[in-house]
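> model this:
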Amino acid sequence: MDTPAAAPSPDARRIVRTDAPARLDRLPWGRFHTLVVSALGVTWILDGLEVTVAGSIAVALKEDPSMAFSESDIGLAASAYLAGAVLGALFFGWLTDRLGRKKLFFVTLALYLAATALTGLSWNLWSFCLFRFLTGAGIGGEYAAINSTIQELIPARFRGWTDLAINGSFWIGAAMGAAGAIVLLDPALFAPETGWRMAFFIGAALALFILFMRAWLPESPRWLVTHGRAEEAARIVQDIEEGLRREGAHVPTEPAGETALRTRSHTPLGEAFRALFIAHRTRAAVGLVMMASQAFFYNAIFFTYALVLTRFHGVAAKEIGWYVLPLALGNFLGPLLLGRLFDTLGRRVMIMFTYAASGVLLALAGALFVRDLLDARQMTLAWSAIFFFASAAASSAYLTVSETFPLEVRALAIAIFYAVGTGVGGVAAPYVFGALVQSGSREAVFAGYLFGAALMIVAAVFVYFFAVAAERKPLEAVARPLSAAD
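Reported below is the predicted structural model:
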């Protein structure tokens, strides 16, 4: 059972009373919220682009005389990207809670932009892995800064569906990466040593555009209040309300519920550790199980799908992108169509259902694969059906860890559980599956699929019994702030 959170840190100075959280949670949807989703949600588009480009160019990296990667080398590069995401999430997540959401979502995007452009200029395996590591660090930092900001700006009754839909936008990036790969990896248009390099510049160009979009976004009022900037927070909320009124929306004018908070410059790591792993240890276990299982499931399959198609089904490298598009469609539609049920039927029921369905369907598809009963198109359709549910499940993992921990450690919580979950379940998966595919044994690949399926089913059972019913509740009601003074 969870126990009460630790007392406020010694650096607490004064108590402020604020109605900013309650006013944000009662707002109708408006242009401001659409801007938040557009400017911040593109993080997942970038990640989808990166993962898809990395998967699609796998064969091109083997055929490029200057690189000449093996399947294991490709898996190693994918693991380097994930390792960077793990460390980047931890470092930038810690900074996000100390320095603010807005500063960090500019820093992490700039790092991503530079690193992905440099990847296109890499000259050997180790330079490629280094730049992939730095790209991953930027994306990992984005997860912490962006998830916390979105949670704190979106009204409570829209939070579940919005978060799942935004996470599902990963697959818009995947589709973009697939479409780009179709053109850039066509040997009739570009040489093998040129096309894959140009693919990475797509992400850099998109990131440059996003930097300008984010200039209009404010700092999180919730973060500002805890750091003694209540007046600034109130002005931001007032500006949002006035903007909605100009659009013709009805914004309540009656007094909203106030929250009393002790201001602080930062939250000491010791207090953060107690809040995450002692006061909320059950929630911590839920977050770890969800993150680790979905990370292994996704990273094992998606980073090596191109290798499976080429080795076992004879698909040419230039055609890989066509097989990504139906996968991207299934992944995007899952959170979009199932997301509202997380706010109506509830978190626990839907998390259990999507995790269990993903595991069962992967085991069934693996059984058909090992018997060679699926051709390349049928295998792709099977993956599309699997990921329809798995995408919603994976998105719900990010939703869970970003809404069930206190405000002062929210970004750090996202970072830790993303990092630990990805480290446990994801970093080794691409390398291991790359080796399984390289063995040429369908039985070996099937064994890997079964392991991933089992992880998802176990997570479904665990989550059903221990997850928090956070649907339609204010964040402060789901997890009492550490700085709460009343």
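> Dump stretch 77-92 to PDB, keeping only the CA atoms.
The C-alpha trace of stretch 77-92 is given here as PDB (Å, rounded to 0.1, in the frame of the first residue of the first chain):
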ATOM      1  CA  ALA A  77      23.400   1.200 -33.300                       C
ATOM      2  CA  ALA A  78      19.700   0.900 -32.200                       C
ATOM      3  CA  SER A  79      20.800   0.000 -28.700                       C
ATOM      4  CA  ALA A  80      23.100   3.100 -28.700                       C
ATOM      5  CA  TYR A  81      20.100   5.200 -29.600                       C
ATOM      6  CA  LEU A  82      18.100   3.700 -26.700                       C
ATOM      7  CA  ALA A  83      20.900   4.000 -24.300                       C
ATOM      8  CA  GLY A  84      21.200   7.700 -25.100                       C
ATOM      9  CA  ALA A  85      17.400   8.100 -24.600                       C
ATOM     10  CA  VAL A  86      17.800   6.500 -21.100                       C
ATOM     11  CA  LEU A  87      20.600   8.700 -19.900                       C
ATOM     12  CA  GLY A  88      19.100  11.800 -21.600                       C
ATOM     13  CA  ALA A  89      15.800  11.200 -19.900                       C
ATOM     14  CA  LEU A  90      17.400  11.000 -16.500                       C
ATOM     15  CA  PHE A  91      19.600  14.000 -16.800                       C
ATOM     16  CA  PHE A  92      17.100  16.300 -18.500                       C
END
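> what mean pLDDT would you report for it?
Averaging pLDDT along stretch 77-92 gives 86.
> tell me the contacts of the residue of the chain most remote from its centre?
Most distant from the centre of the chain: Glu254, at 36.7 Å, with distances by Cα atoms, centre = their mean. Residues near Glu254 by Cβ atoms under 8 Å, 6 or more residues apart in numbering: none. For the C-beta atoms, the positions are set from N, CA and C on the backbone; glycine is no exception.
> Provide the secondary structure category for it.
coil (DSSP: H, G, I helix; E, B strand; the rest coil).
> now the one 10 residues further on
Reducing the assignment at Arg264 to three states with three-state DSSP gives coil.
> any idea how far it is from Ala279?
17 Å (Cβ to Cβ, to the nearest Å).
> next helix or strand past the helix or strand harbouring Ala137?
Per DSSP states H and E, Ala137 falls inside helix 125-153. Helices and strands here follow DSSP H and E; after helix 125-153, the next one along the chain is helix 159-168.
> Can you tell me which helices and strands that following helix packs against?
Under the contact criterion of 3 or more Cβ pairs under 8 Å, 6 or more residues apart in numbering; DSSP states H and E, helix 159-168 touches helix 31-56, helix 125-153, helix 320-344, helix 376-403.
> Give the other helices and strands that the helix holding Ala137 contacts.
helix 31-56, helix 71-99, helix 101-119, helix 159-168, helix 221-226, helix 376-403, helix 410-425.
> on that earlier part again, to Tyr305, which of the helices and strands packed on helix 159-168 lies closest?
helix 31-56 (6.0 Å; Cβ to Cβ).
> just the angle between that closest one and helix 101-119, please?
Here helix 31-56 runs at an angle of 30 degrees relative to helix 101-119 (axes from the mean of the first three to the mean of the last three Cα atoms, to 10 degrees).
> Isn't Pro255 up against Asp19?
Yes: counting by Cβ atoms under 8 Å, Asp19 is a contact partner of Pro255 at 7.0 Å.
> rewinding a little: could I get the helices and strands packed on helix 159-168 as a markdown table with mean pLDDT?
Shown next, in a markdown table, are the helices and strands packed on helix 159-168 (pLDDT from 0 to 100):
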| stretch | mean pLDDT |
| --- | --- |
| helix 31-56 | 79 |
| helix 125-153 | 88 |
| helix 320-344 | 86 |
| helix 376-403 | 90 |
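> closest one to Ser441 among the ones you listed?
helix 376-403 (16.5 Å).
> Pretty sure Val289 sits against Val461.
No: the criterion here is Cβ under 8 Å, and Val289 misses it with Val461 at 9.7 Å.
> ok, Leu475 - how many residues close by?
Counted by other Cβ atoms under 10 Å, the residues lying close to Leu475 total 25.
> whoops, I mixed them up, Ala356
21.
> Fine by me, we can end here.
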